[in-house]
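Trainee: let's see this in three dimensions:
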Amino acid sequence: PTATVSNPAIANPSATPVNTTWYTVNISDVTGCVATDSVEVEVFNLPNLSAGPDQTICAGDVTSLPGTGALTYSWSPATGLSNPNVANPMASPAATTTYTMTGTDANGCSKTDEVTITVNPLPNAQAGPDQTVCQRDIVNLSASGGTSYSWSPTAGLSCTNCPNPILVAQASNNYVVQVTDNNGCIDVDTTRITVLPAPFVEAGNDTSICPSTSAQLNGQGAGSFSWSPVASLNNPLIANPVATPTGDTYYFLTVTDANGCTNTDSVEVVFFPNSQVTTGPDTAICEGTSIQLSASPMNRYQWTPASSLSDPTASNPVASPSATTTFTVVANDNNGCASSATQTITVNPLPDIQLAVADTSICPNTGVQLSAAGGALYSWTPTAGLSDPGSANPMATPTNSTLYQLTVTSAQDCTADTSLLVEVLPVIPANVTPPVALCPGEAVTLQAENGIDYRWSPGAGLIGRNTATPTASPNQTTTYTLVMLDTNGCTVED
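Mentor: Model (predicted):
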């Protein structure tokens, strides 16, 4: 056929059949004779080439070009290829590149295919500037340049997959961040964290104190000092301030060195339990008596004033004050903490007994008015012969000489005693003449003795009736009665 030959009227046309084709040529000579011949042109199939799918890589990455379908291969351009004459060269182009693969099969037939390698730039990873910090400082790392991040080493970081992790600085180290962008490309950067050592600091040993006392703090360190809380310190800027806390308190000592680095230590000042000594109630006693004081619940005691106490170091000494006294006790508990309390002993005076009648004498069968003052209550004993033994002024009519005891009680219930003797004088006999018998007209001398005054009755027939020896000449039987005042001044009748 003529369709696939360049010029069918020449001896050597070019044939470009699509399929295997028989071409026939007719040749005419000058005589007009024609000869015919045929030739078969066999068309081989082109090789089934594939350079593989287009790929996207990150700058600096290497990828394999997966060529197939031929016997021999030729890749171009050769730049960035490990070997341009193999089926699967490794490609690492610096920029986006389209590679053309020419493949030739066993029949010598060749074909081309293309593959484009898109090269994405790497992200600009930034791990932040190098830092110099103090030990235990809070360090804020800061990365940028991508959409995801990964830090290493991970120890001590608040997060490892965030752009801004927080680190508590302990030792110097390099921190590497891997930054990935939206294309999955990765870049890394490093930041150096140099950690300065914390200065030495020692706040001292914990201590215990008694309430309302002070503690000497004993700080040590290399640098300047600052204590807190400052309210109960005499100077918070020295190593050894005096602390006067009002309760259990932690004191913090911060030492700052020449690099501005700080370190802190603490000490606790603990209050011993507040043991308060207590005493008995204030009370009153009577002059000349004693009372037992009391204090508790402590360990050691010291009472003042001590002069009227049985033992001023006892918890319960016996007090015998002569006047109203306030006793103060200072006591220590098992921790050695002291507290004080007072107990006032009021000394009430004894009643001042005043007797209107002192020791006295009375005649038999008579009485005497007793009289006392100086108190609120009175008690006379013995009670026999008294009109009212609870009265200040009873009438006493004893039959015998009696020593009366008087107890007087004051309004403060203090008592005093005294005594009063009431002597009953003995009876002195008149020794009157015994009865006699007379004849009418006769007289007799009556006789009495031991008196200082005599009164005879009846007076009829008597001569000297006011004498001890009157003469009686009665004209009838008569009984004469003598009333005599004896030598004690008592009246005797006979």
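Trainee: going forward, measure contacts and count neighbours with C-alpha atoms only.
Mentor: OK.
Trainee: which residues touch the helix or strand Val139 falls within?
Mentor: Following DSSP states H and E, the helix or strand that holds Val139 is strand 138-140. Strand 138-140 is contacted by residues 133, 164-169 when judged by CA atoms under 8 Å, 6 or more residues apart in numbering.
Trainee: which of those lies closest to Ala468?
Mentor: Minimum distance to Ala468 across the contacts of strand 138-140 is 138.1 Å, recorded for Val168 (CA to CA).
Trainee: run a quick neighbour tally on the closest one.
Mentor: 15 (other CA atoms under 10 Å).
Trainee: so it bridges to which residues?
Mentor: Going by DSSP bridges, Val168 is paired in beta bridges with Ile138.
Trainee: can you check Cys286 too?
Mentor: Asn348.
Trainee: the nearest residue to Asp453 once chain neighbours are set aside sits in which helix or strand?
Mentor: Nearest non-adjacent residue to Asp453, counting by CA to CA, 6 or more residues apart in numbering: Leu485, 5.0 Å away. Taking DSSP H and E as the definition, Leu485 sits inside strand 481-486.
Trainee: also Thr366?
Mentor: Short version, using DSSP H and E: Thr366 is in no helix or strand.
Trainee: if I look at it, how far off is Asn488?
Mentor: 13 Å (CA to CA, to the nearest Å).
Trainee: the more surrounded of these two?
Mentor: Taking neighbours as other CA under 10 Å, Thr366 and Asn488 compare with Asn488 leading, 16 against 12.
Trainee: wait, that one touches Glu423, no?
Mentor: No - Asn488 is beyond contact range of Glu423, at 11.8 Å (criterion: CA atoms under 8 Å).
Trainee: can you point out the buried residues in stretch 425-434?
Mentor: 425, 428, 430, 432 (16 or more other CA atoms under 10 Å).
Trainee: I figured Gly375 hits Val408, correct?
Mentor: Yes - look at Gly375 against Val408 with CA under 8 Å: they come within range, at 5.6 Å.
Trainee: now stretch 285-305, how far from the chain's geometric center?
Mentor: From the chain centre to the centre of stretch 285-305 is a distance of 35 Å (CA atoms, centre = their mean, to the nearest Å).
Trainee: buried residues, that stretch. List them.
Mentor: Quick answer for stretch 285-305 (16+ other CA under 10 Å): 285-287, 290-291, 293-296, 298-304.
Trainee: nearest spatial neighbour of Val408, chain-adjacent residues omitted?
Mentor: Nearest one to Val408, counting by CA to CA, 6+ apart, is Tyr378 at 4.7 Å.
Trainee: apologies, that question was intended for Ser419.
Mentor: Gln405 (4.4 Å).
Trainee: model confidence for that neighbour, exactly?
Mentor: Looking at Gln405, its pLDDT stands at 95.
Trainee: ok, Ala373 next?
Mentor: pLDDT at Ala373 comes out at 93.
Trainee: spatially nearest residue to Pro53 (excluding sequence neighbours)?
Mentor: Pro53 sits nearest to Val115 (CA to CA, 6+ apart), 6.2 Å away.
Trainee: meant to ask about Thr283, not that
Mentor: Ile345 (5.3 Å).
Trainee: if I look at the one you found, how far off is Gln412?
Mentor: For Ile345 relative to Gln412 (CA to CA), the value is 13 Å.
Trainee: neighbour count: those two, which is higher?
Mentor: Higher neighbour count among Ile345 and Gln412: Ile345, with 23 against 16, using other CA under 10 Å.
Trainee: helix or strand: which one has that one?
Mentor: Assigned by DSSP H and E, Ile345 falls in strand 338-348.
Trainee: packing partners of that strand?
Mentor: strand 278-279, strand 283-286, strand 325-332 (3 or more CA pairs under 8 Å, 6 or more residues apart in numbering; DSSP states H and E).
Trainee: among the ones you listed, which comes closest to Ser228?
Mentor: strand 325-332 (31.2 Å).
Trainee: give me the mean pLDDT for stretch 235-249.
Mentor: Here the average pLDDT along stretch 235-249 is 95.
Trainee: so how far is it off the chain centroid?
Mentor: With CA atoms, centre = their mean, you get 17 Å for stretch 235-249.
Trainee: can I get the CA coordinates of that stretch in PDB?
Mentor: Extracted in PDB, the C-alpha atoms of stretch 235-249 (Å, rounded to 0.1, in the frame of the first residue of the first chain):
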ATOM      1  CA  ASN A 235      17.200  41.500 110.800                       C
ATOM      2  CA  PRO A 236      16.200  39.300 107.800                       C
ATOM      3  CA  LEU A 237      19.400  40.200 105.800                       C
ATOM      4  CA  ILE A 238      22.000  38.600 108.100                       C
ATOM      5  CA  ALA A 239      23.100  35.000 108.500                       C
ATOM      6  CA  ASN A 240      22.000  34.700 112.100                       C
ATOM      7  CA  PRO A 241      18.900  36.700 112.900                       C
ATOM      8  CA  VAL A 242      16.900  36.300 116.100                       C
ATOM      9  CA  ALA A 243      13.400  35.000 115.500                       C
ATOM     10  CA  THR A 244      10.500  35.700 117.900                       C
ATOM     11  CA  PRO A 245       7.500  33.800 116.300                       C
ATOM     12  CA  THR A 246       4.100  33.600 117.800                       C
ATOM     13  CA  GLY A 247       3.500  30.000 116.700                       C
ATOM     14  CA  ASP A 248       5.100  27.200 114.700                       C
ATOM     15  CA  THR A 249       6.900  28.900 111.800                       C
END
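Trainee: what sits up against it?
Mentor: So stretch 235-249 is contacted by 211-220, 224-228, 230, 232-234, 268-271 (CA under 8 Å, 6+ apart).
Trainee: and if you look at stretch 65-84?
Mentor: 47-52, 85-94, 99-106.
Trainee: could you give the mean pLDDT of it?
Mentor: 95.
Trainee: go through it and flag the buried ones.
Mentor: Buried-residue list, stretch 65-84, by 16+ other CA under 10 Å: 65, 67-75, 78, 80-81, 84.
Trainee: as a markdown table, these with secondary structure and distance to Val179 would be great.
Mentor: Putting the buried residues of stretch 65-84 into a markdown table (DSSP: H, G, I helix; E, B strand; the rest coil; distance: CA to CA, whole Å) gives the following:
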| residue | secondary structure | distance to Val179 |
| --- | --- | --- |
| Leu65 | coil | 27 |
| Gly67 | coil | 33 |
| Thr68 | strand | 36 |
| Gly69 | coil | 40 |
| Ala70 | coil | 41 |
| Leu71 | coil | 43 |
| Thr72 | strand | 42 |
| Tyr73 | strand | 38 |
| Ser74 | strand | 37 |
| Trp75 | strand | 34 |
| Ala78 | coil | 31 |
| Gly80 | coil | 25 |
| Leu81 | strand | 28 |
| Pro84 | coil | 33 |
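Trainee: turn those into JSON lines, including distance to Gly336.
Mentor: What follows is these, written out as JSON lines (distance: CA to CA, whole Å):
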{"residue": "Leu65", "distance to Gly336": "92"}
{"residue": "Gly67", "distance to Gly336": "97"}
{"residue": "Thr68", "distance to Gly336": "99"}
{"residue": "Gly69", "distance to Gly336": "103"}
{"residue": "Ala70", "distance to Gly336": "105"}
{"residue": "Leu71", "distance to Gly336": "106"}
{"residue": "Thr72", "distance to Gly336": "105"}
{"residue": "Tyr73", "distance to Gly336": "103"}
{"residue": "Ser74", "distance to Gly336": "102"}
{"residue": "Trp75", "distance to Gly336": "100"}
{"residue": "Ala78", "distance to Gly336": "97"}
{"residue": "Gly80", "distance to Gly336": "90"}
{"residue": "Leu81", "distance to Gly336": "92"}
{"residue": "Pro84", "distance to Gly336": "98"}
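Trainee: do you know how far the residue nearest to the spatial centre of the chain is from Asp137?
Mentor: Compute the mean C-alpha point of the chain, and by CA atoms, centre = their mean the closest residue is Asp248, 5.1 Å away. Asp248 sits 29 Å away from Asp137, taking CA to CA as the criterion.
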